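Novice: With the input below, show me the fold.
(one chain, ligands or ions: 3)
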Amino acid sequence: MISSERIPNNVNLSDNKRLQRALEHWQPKYIQWWKDMGPSGFQDYHQVYVRTATSVDPEGWAHFEYVKLPEYRWGIFLAEPTADRRVGFGDLMGQPVWQEVPGEFRNPLRRLIVTQGDTEPASVEQQRQLGSRCPSLYDLRNLFQVNVEEGRHLWAMVYLLHSYFGRDGRDEAEELLERRSGNSDKPRILQAFNEPITNWLDFFMFTMFTDRDGKSQLLSLSESSLDPLSRTTRFMLTEEAHHMFVGETGVARIIERACQLMKESGYSEDVRKLGGIDLPTIQKHINQWFTLSLDLHGSEVSTNAASYFANGLKGRAKEETFEDHLVLDQIYRMTLMEEGKLDTREVPMRNAMNEVLRDWYVGDCAKGVERWNKLLEHYGVKDFQFRLPDRKFNRGIGMFAGFHFDPDGRPLSDEEWTRRKDEWLPSDKDEEYLQSIMATPVFEPGKFANYIAPPRRGINHLPIDFEYVRTEQ
Ligand code: BYC
Ligand code: FE
Ligand code: FE
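Specialist: Ligands and ions are numbered 1, 2, ... in the order given. Presented below is the predicted three-dimensional model:
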């Protein structure tokens, strides 16, 4: 890579003048979007200690520097190609992978890439007000690191749209900058990306659970027969790991602090009276963001999913770990909702691919929750455990949408749901409380808001009290 290029890349952009011009034309619009919709109040005077990808090898990847956010160097990076890569699943199994988009799959591929691309700027929009309520400079820096990388993920999808989808792709790239999270006229495509994120508990839950849907979907797209899509998502996954680290450890530090406050007060005092976040409130936020992210995996039975698999567009997470890659006569036994009643049915496995990916996702989430419970154990909390709610609970997509269940999966009447939902999901009062303890941001290096424990270590081997975000002198 030549670092003086306007758009850092490892795709030889300067050899393709048309593409380079198209992207350079899109770039100022992207920057304008970032200034309008990126982190509010942290655009002009603040320097943030961020990691910037300058190449895909480990060295280029560990590059840290202070930058003003709008000057972050968003680049285009694809993982190294695999020699003689072949289609790994579905009806075209064994054929060489595609370096161009086959005409017959143009529409579904465009749709997948646009849907993936849409989530990236959406998350930045959702998180834009969090800076002014931050619990520490360390956390503020992590928020911005996640934000700039989600911006880079948008670049990754726009690169594909510009390179392989001609005029339509360029139009889609413009529209990705025009939709707005939560806007009723021009909403983002998937529902979880229109939900407000107003407090840091939401942020950590989002990066734990919703970024983990990013991991599921990117794993599945990295199996794609469209080789450039596979390579770009493979590199995105390396960044995703940090987002989920931010989420899991952020929640863990809030749990840890709650435990400390409980311990100090002899386990009896209401944690809220001491300014912490009580365990039931944390559980309600798990319930909310886990279920919103279950919805992101689509309908349980889906002909879309079946044809993505058949045509080799989207595989299962870690496809190589399965024995049968054709999946022609396997079945999936699932609990279905039919005429308002629960029933178990056998579904052709290809039609159940969304559910197969959801299974992988639930397993990955469960490991994180397990680690949170270890923390409770460590602090001697015996009468409380975190858990993932039943898959039927609080669903807005799929066959359980429109019906009510409690977190154990027991059906509820509308009346009972309305009466009891505040026991299971964050209420207005909970939100009010969270806002009250986050009203004053903490900008002093090494200091942390009262509701969260410090991290174990700093970023890039630096001390915890390093000035991760500084105001320009
Ligand atoms: N909201 O056949 P179905 C990330 C629609 S996160 C609203 O099940 P399919 C990130 C669907 O469009 C990863 N609508 O759909 C995380 C369809 O509409 P039509 C994002 C929904 O296609 C944090 C209908 O319902 N990547 O990267 O099998 C920060 C029937 O559904 C929703 C991707 O999503 C929903 N949740 O599955 C930053 C990968 N779900 O045709 C970033 C690309 C479904 O009836 N997307 N619908 O009009 C896909 O693979 C698929 O589109 C989905 C949906 C898995 C999302
Ligand atoms: Fe992303
Ligand atoms: Fe992410």
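Novice: who touches F209 in this structure?
Specialist: 247, 286, 289-290, 292-293, 365 (C-beta atoms under 8 Å, 6 or more residues apart in numbering). Bear in mind the C-beta positions are built from the backbone N, C-alpha and C, glycine included.
Novice: Show the pLDDT at it.
Specialist: pLDDT recorded at F209 is 98.
Novice: Then the one 5 residues further on?
Specialist: Per-residue confidence (pLDDT) for G214: 98.
Novice: Could you measure from it over to I76?
Specialist: 18 Å (C-beta to C-beta, to the nearest Å).
Novice: swap in W98?
Specialist: Distance from W98 to I76, by C-beta to C-beta: 19 Å.
Novice: For those two, indicate the residue with more neighbours.
Specialist: I76 (24 against 20; other C-beta atoms under 10 Å).
Novice: Tell me if I'm right that that one and R6 touch.
Specialist: No: contact criterion C-beta atoms under 8 Å: I76 and R6 do not qualify, at 11.3 Å.
Novice: among the contacts of F209, which are in helices?
Specialist: Judged by DSSP state H, those include 247, 286, 289-290, 292-293, 365 as members of helices.
Novice: could I get the residues you listed as CSV with neighbour count, pLDDT and distance to E59?
Specialist: Converted to CSV, the ones in helices among the contacts of F209 look like this (neighbours: other C-beta atoms under 10 Å; pLDDT from 0 to 100; distance: C-beta to C-beta, whole Å):
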residue, neighbour count, pLDDT, distance to E59
G247, 24, 98, 27
I286, 23, 98, 38
W289, 28, 98, 35
F290, 24, 98, 37
L292, 23, 98, 38
S293, 24, 98, 34
C365, 22, 98, 33
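Novice: Could I get those in TSV, plus columns for distance to E256?
Specialist: Below are the ones in helices among the contacts of F209 laid out as TSV (distance: C-beta to C-beta, whole Å):
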residue	distance to E256
G247	15
I286	16
W289	19
F290	21
L292	25
S293	24
C365	20
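Novice: Looking at those, which is nearest ligand 3?
Specialist: G247 (9.3 Å; C-beta to the ion).
Novice: List the residues that contact the closest one.
Specialist: So G247 contacts 203-209, 211-212 (C-beta under 8 Å, 6+ apart).
Novice: what's the residue of the stretch 201-350 of the chain found nearest ligand 1 in contact with, if anything?
Specialist: Closest contact between the stretch 201-350 of the chain and ligand 1, by C-beta to the nearest ligand atom, is at G298 (2.6 Å). By C-beta under 8 Å, 6+ apart, G298 lies in contact with 304-305, 354, 397-398.
Novice: sec struct for the closest residue to ligand 2 within the chain, please.
Specialist: Closest approach between the chain and ligand 2, counting by C-beta to the ion: H153, at 3.7 Å. Following DSSP: H, G, I helix; E, B strand; the rest coil, H153 is assigned to helix.
Novice: Could you do S14 as well?
Specialist: helix.
Novice: What is the burial count for it?
Specialist: Residues lying near S14 (other C-beta under 10 Å) number 13.
Novice: ok, it to I277 distance?
Specialist: Distance, S14 to I277, using C-beta to C-beta: 51 Å.
Novice: And for T335?
Specialist: 34 Å.
Novice: Among those two, which residue is more densely surrounded?
Specialist: I277 (25 against 14).
Novice: element containing that one, please.
Specialist: For I277, there is no helix or strand it lies in under DSSP states H and E.
Novice: Show me the residue at the heart of this structure, geometrically.
Specialist: Closest to where the C-alpha atoms of the chain average out (C-alpha atoms, centre = their mean) is D211, at 1.8 Å.
Novice: Chain neighbours aside, what residue packs nearest to the residue of the stretch 351-473 of the chain found nearest ligand 1?
Specialist: Residue of the stretch 351-473 of the chain nearest ligand 1, by C-beta to the nearest ligand atom: I397 (4.6 Å). Once flanking residues are discounted, I397 sits nearest to D295: 4.0 Å by C-beta to C-beta, 6 or more residues apart in numbering.
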